[in-house]
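Asker: give the three-dimensional model of this entry:
(chains A and B)
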Amino acid sequence: MKRAQLFLVFSLTMSGQVAFDRLRQADLEPGNWLTYSGNYSAHRYSRLNQVTAANVGRLKLAWAYQVKTTEKIETTPLVVDGVMYVSEPGGSVTALDTRTARPLWRYSRTLPKEVRGCCGTVNRGVAILDDKVYVGTFDAHLVALDIKSGKVRWDVPVADPTLGHSITGAPLAIKDKIVVGMAGGEYGVRGFIDAYDARTGKRAWRFWTVPAAGEPGSQSWSGDSAKNGSATTWVTGSYDPEQNLVLWGTGNPGPDWNGDNRKGDNLYSDCLVALDGDTGRLKWYFQFTPHDLHDWDSTEVPVLADAIVRGEKHKAVLFGNRNAFYYVLDRVSGKFLAGREFAKQTWARGLDDSGRPILQGDTTPTEEGTRLYPDLGGGTNWFSPSLNPQQNLFYVAARDVPGIYYKGDLEYTAGAQFNGGGFGRVPGQDPSGAIRALNPSTGELRWEFKLFSPSATGVLSTAGNLVFGGSNEGDFYALDASTGRLAWRIQVGAGVSSNPISYLSAGKQQVAVAAGNVLFAFGLEN
Amino acid sequence: MRLVASIFLITFSLTAQVDPGYVVPKENPFTTPSDLKRGEQLFLGQCGRCHGPKGEGGLGAILAEPQLRRAPDEESLFRVIRDGIRGTEMPAASTLSSREVWQLAAFVRGLGRVPAESVVGSPQRGRELYQAKGKCGQCHIVNGQGISVGPELTDIGARRSASYLRASLATPEAAVPDGFVQVRIATKDGRRITGVRIAEDTFTIQIVDLGGRTYSFFKQELTDLQKDFGKSPMPSYQDVLTASELDDLVAYLVSLRGNL
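Answerer: Numbers count the residues shown, from 1 in each chain, chains lettered A, B, ... in the order given. Have a look, this model is predicted:
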């Protein structure tokens, strides 16, 4: 019987090639979770409605899968026709049957000793296109696996891991290419976004996020500081198929806290860049934090939607930024449409008409320490927001935390951390956070659910009128999507640092999230 | 200039990397003031991001402790810095020379450990005062004896200087440790409890009252929850003990250095 069920699952996967058209129309397949953010527009919204605010009290553990690691799991799994593809630290991947949680295959990545990395060998997910699963590895390779067996189909180096390059984000499959970002900003590398031929692994294009000398934007770096300019690209972007536009956030300039040698705006750090999907050519950019001195990467997830601003409808991109401001941009032109703070901040008086921050005094890090909101973790961070078209609300896990920024040396050593300072907590108070629901067109607050401490969990909204989120203290919970009222919760025993997803397993809705080093799936009790 | 420096450092670090035969000595050979200064520079650049510039912790572990769980001795501290901790977010300091690792280790060790001091006063008399007149054991633990309301004092002499301890005894609220929060709660069944927070999350809180009794509540069971940051239930001993008795009590506390 069991063998027959597994055979059925395999049959579905084998016959169900995940063609580009399926990814493009992912909203038509709510039973699957086909891309990192659920669809190309990065809504992280499930159209499933079996689990509702009325019955969520019957949500129980369906299964738990313990990943073979002591590191925390930040993955967003993908689900195709009953099979879940889970990335693990370093770049290992396991395929699970979503009914039984039993592994169908596993690809194990062994990392060389020479890899660098500031923050653990985390991996946030895979991409799927046609008959392959794609994963970026901590030793900065892109690997294509056979979707049926997990066997390696190709494995290409993306960059040199001994200099600090790594890949922690999920790739994004578009048309016939695999787009992938990279990490290593703490090591003074030069950032880029790559695209590879999905069939062969041959690199199709590269966009450098720090221009070379003489190129447009290079004048925004003084001296030769651009050589170690960072602006890495470690969180998965979104894709506008109509314009064939890849939208991807970039990280802070290096070194993080000492800008003495990199005077200027430091393009294209802390930007949203819009690239032609076929060539990687820059169509437009918008810089959120010029000459950043606080490590406020703009590597958050860009969310694509229509927005009505001052009575006019725009094809927009919505962006909750680590600098604590929410932005609405025109995604055809890149022009700023609206913005306001969504988390506590003390560094800017606001945004001017072009979206450029109006600074509030001098917040430059000093040797004695400069105190301000937000802290190093920012107003939000890599964990995903969600757009609920049913409620017309943008949900974000917001952080209201002060920090102390210290200035340090500018010494660069290849392969060593290049931070230019340090960061400290402000003692004598509890850091706090909240899940906030914003008007997507303006950023105005509609409701908030306060958390004891700032969450590192993304949010998932569903057609069942629910918003799922997590906490550092191990709570996984569901809120009423229209009011923010607590509807359900469970203590899972470890901090939640991942993004929830929802899908169908044998016709029944499940919600999955990783916490600690365990992946949990929940379903309605029969 | 920077290029020259880079080449020198790369060469230096490669030399260190290709020396698998390096025998890690038991004690740190690089502890001069200039070594500590260099260690501080390296710490701010390489470690302060996660551990805080003073080792106060943050994304990484608190290092301002007299004893480090993963590095009880100098050799293990060297290895943790050089090799990282597998399965955690602690990376290897792969580009540092052995000398730089030792300099870093010397600075880290000094973050949470004050040197032994000679002070006026009698530790023996101080011990008696601690137990009797001071009633300190009603809120603190030394070597397993006492009640856990305030911070454990078993190694307080390695953590804090004599002047700090004297000031704490006179004005406890001038030196409330980070993370120590006095709370006052009222419950729906009519109880009012003052104590110290053990843990808290969005939905629950755990506290210990001044008698050492532990409570755990869902917040929905409470009608009031007040957190008194910067407050301490510890009384001032300025007018409780004489000047010489304070000397004795400080001498006793300074003598408490755990296993150091």
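Asker: quick one: low-confidence parts of the stretch 1-150 of chain B?
Answerer: Across the stretch 1-150 of chain B, the ranges flagged by pLDDT under 70 are B:1-20.
Asker: chain A now?
Answerer: Within chain A, the ranges that satisfy pLDDT under 70 run A:1-16.
Asker: name the residue of it that lies nearest to chain B.
Answerer: Minimum separation of chain A from chain B (C-beta to the nearest C-beta) falls at A:Gly422, amounting to 2.4 Å. In short, each C-beta sits where N, CA and C put it, glycine included.
Asker: sec struct for that residue, please.
Answerer: Under the three-state scheme (DSSP: H, G, I helix; E, B strand; the rest coil), the conformation of A:Gly422 reads as strand.
Asker: so what's the spatially closest residue to it that is not a sequence neighbour up against?
Answerer: Counting by C-beta to C-beta, 6 or more residues apart in numbering or on different chains, B:Gly48 is the residue found nearest to A:Gly422 once chain neighbours are left out, at 2.4 Å. B:Gly48 makes contacts with A:406, A:408, A:419, A:421-424, as judged by C-beta atoms under 8 Å, 6 or more residues apart in numbering or on different chains.
Asker: helices along the stretch 1-150 of chain B, start to end?
Answerer: Taking DSSP state H, counting those that start in this stretch as the test, the helices found in the stretch 1-150 of chain B are B:2-17, B:33-46, B:48-51, B:74-83, B:98-111, B:123-131.
Asker: so who does the residue in the stretch 151-260 of chain B positioned nearest to chain A touch?
Answerer: Per C-beta to the nearest C-beta, the residue of the stretch 151-260 of chain B with the smallest distance to chain A is B:Asp201, at 3.4 Å. By C-beta under 8 Å, 6+ apart, the contact list for B:Asp201 reads A:452-453, A:471, A:473-475.
Asker: per-residue pLDDT, it?
Answerer: Looking at B:Asp201, its pLDDT reads 97.
Asker: before we move on, what about the one 4 residues further on?
Answerer: In the predicted model, B:Ile205 carries a pLDDT score of 98.
Asker: before we move on, what SS does B:Gly157 have?
Answerer: helix.
Asker: wait, A:Ile308
Answerer: Reducing the assignment to helix, strand or coil with three-state DSSP, the entry for A:Ile308 is strand.
Asker: my guess is it contacts A:Ser441, does it?
Answerer: Yes - using C-beta atoms under 8 Å as the test, A:Ile308 is close enough to A:Ser441 to be in contact (5.4 Å).
Asker: look at these two and report which has more neighbours.
Answerer: A:Ser441 (21 against 15; other C-beta atoms under 10 Å in any protein chain shown).
Asker: circling back to that earlier point, how near is the residue of the stretch 151-260 of chain B closest to chain A to A:Ser455?
Answerer: Going from B:Asp201 to A:Ser455 by C-beta to C-beta, to the nearest Å gives 11 Å.
Asker: tell me, what's touching those two both at once?
Answerer: Between them, B:Asp201 and A:Ser455 share these contacting residues under C-beta under 8 Å, 6+ apart: A:Ser471.
Asker: and A:Leu460, its phi and psi?
Answerer: phi -120, psi 130 (degrees, to the nearest 10).
Asker: ugh, wrong one, B:Ser168
Answerer: Backbone dihedrals for B:Ser168, given as degrees, to the nearest 10, come out at phi -70, psi -40.
Asker: residues touching it, list them.
Answerer: Contacts of B:Ser168 were listed using C-beta under 8 Å, 6+ apart, and they are B:160, B:174-175.
Asker: tell me the SS of B:Gln220?
Answerer: Going by three-state DSSP: B:Gln220 is helix.
Asker: neighbour-wise, which of the contacts of B:Asp201 leads?
Answerer: Ranked by neighbour count (other C-beta under 10 Å), the contacts of B:Asp201 have A:Ser471 at the top, with 27 neighbours.
Asker: tell me the contacts of the nearest residue to that residue once chain neighbours are set aside?
Answerer: Residue nearest to A:Ser471 in three dimensions, not counting chain neighbours: A:Ser455, with 5.3 Å by C-beta to C-beta, 6+ apart. When contacts are counted by C-beta under 8 Å, 6+ apart, A:Ser455 is found next to A:383, A:397, A:399, A:433, A:435, A:469-472, A:496.
Asker: ok, which pair from those is furthest apart?
Answerer: Spatially, the most separated pair among the contacts of A:Ser455 is A:Arg399 and A:Val496, at 14.5 Å (C-beta to C-beta).
Asker: for those two, indicate the residue with more neighbours.
Answerer: Relative neighbour count places A:Val496 above the other of A:Arg399 and A:Val496, with 29 against 26, counting by other C-beta under 10 Å.
Asker: in this structure that one contacts A:Phe468, no?
Answerer: No - here A:Val496 does not reach A:Phe468: they are 10.0 Å apart, not a contact under C-beta under 8 Å.
Asker: find residues that contact each of the two.
Answerer: Taking C-beta under 8 Å, 6+ apart as the contact definition, A:Val496 and A:Phe468 share the neighbouring residues A:476, A:513.
Asker: quick one: secondary structure of the closest residue to B:Tyr237 other than its chain neighbours?
Answerer: The shortest distance from B:Tyr237 to any residue other than its chain neighbours is 4.5 Å, reached at B:Leu169 (C-beta to C-beta, 6+ apart). Here B:Leu169 is recorded as helix under three-state DSSP.
Asker: contact partners for residue 156?
Answerer: Looking at chain A here, since you left the chain open. When contacts are counted by C-beta under 8 Å, 6+ apart, A:Val156 touches A:141-143, A:196, A:201-203.
Asker: that's the wrong chain, I wanted chain B
Answerer: Under the criterion of C-beta under 8 Å, 6+ apart, the neighbours of B:Ile156 are B:165, B:253, B:256.
Asker: pLDDT value on it, please?
Answerer: 91.
Asker: for B:Val250, see how far away it is.
Answerer: For B:Ile156, the distance to B:Val250 equals 10 Å [C-beta to C-beta].
Asker: which neighbours do these two share?
Answerer: With contacts defined as C-beta under 8 Å, 6+ apart, the residues shared by B:Ile156 and B:Val250 are B:Leu165.
Asker: most widely separated two among the contacts of B:Gly48?
Answerer: The most widely separated members of these are A:Asn419 and A:Gly424, with 13.0 Å between them, by C-beta to C-beta.
Asker: which one of the two has more residues nearby?
Answerer: Comparing A:Asn419 with A:Gly424 by neighbour count (other C-beta under 10 Å), the higher total belongs to A:Asn419, at 28 against 22.
Asker: quick one: contacts for that one?
Answerer: With contact set as C-beta under 8 Å, 6+ apart, A:Asn419 has these partners: A:186, A:255-257, A:408, B:45-46, B:48-49.
Asker: doesn't it belong to a strand?
Answerer: No - secondary structure of A:Asn419 (three-state DSSP): coil, not part of a strand.
Asker: contacts only, for residue 235.
Answerer: Because you didn't say which chain, this covers chain A. Contact criterion C-beta under 8 Å, 6+ apart gives A:124, A:169, A:181, A:249, A:299-301, A:382 as the residues in contact with A:Val235.
Asker: let me rephrase: I mean chain B.
Answerer: Residues in contact with B:Pro235 (C-beta under 8 Å, 6+ apart) are B:Pro172.
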